[in-house]
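Engineer: Starting from these lines, generate the structure:
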Amino acid sequence: MVEFVKVATTGELAPGWGKLVEVSDKRIALFNVDGKYYAIDDECTHEGGPLSEGELAGTQVVCPWHGAAFELTTGEVVDPPADEAVARYTVRVSGEDVEIEI
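Structural biologist: Reported below is the predicted structural model:
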């Protein structure tokens, strides 16, 4: 069954930053891009780098280990060396709660 799970509040994640959240044994990278929230798998498909620690460039995140870039809106690779997309999760804001669909 699909459900939304609270993972943060809007005050916990400033625009331009990401953080690791753990939901249902999954490590998910949550990002705030100008007040809009995005969530993708935290593990880079190249060598497992922590995407939650990556640098944001618009709606793209760059893996801190080897520079692979992923589009937050789709999970697709936009720059190698990764060649496989990451999962993307639907995010909603309910009041001050940031929730991810699992």
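Engineer: What segments of the protein are strands?
Structural biologist: 4-9, 17-23, 26-33, 36-41, 55-57, 60-62, 69-71, 77-79, 88-89, 91-94, 97-101 (DSSP state E).
Engineer: Columns mean pLDDT on top of those strands, output as TSV?
Structural biologist: Formatted as TSV, the strands of the chain follow (pLDDT from 0 to 100):
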stretch	mean pLDDT
strand 4-9	96
strand 17-23	96
strand 26-33	97
strand 36-41	98
strand 55-57	96
strand 60-62	98
strand 69-71	98
strand 77-79	97
strand 88-89	98
strand 91-94	97
strand 97-101	97
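Engineer: closest one to G49 among those?
Structural biologist: strand 60-62 (9.7 Å; C-beta to C-beta). All C-beta atoms are positioned from the backbone trio N, CA, C, and that covers glycine.
Engineer: hmm, back to that, could I get the strands of the chain in CSV, plus columns for distance to G48 and mean neighbour count?
Structural biologist: CSV is the format used below for these (distance: least, C-beta to C-beta, whole Å; neighbours: other C-beta atoms under 10 Å):
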stretch, distance to G48, mean neighbour count
strand 4-9, 21, 16
strand 17-23, 13, 17
strand 26-33, 10, 21
strand 36-41, 10, 21
strand 55-57, 18, 14
strand 60-62, 15, 21
strand 69-71, 14, 22
strand 77-79, 15, 16
strand 88-89, 18, 20
strand 91-94, 23, 14
strand 97-101, 21, 19
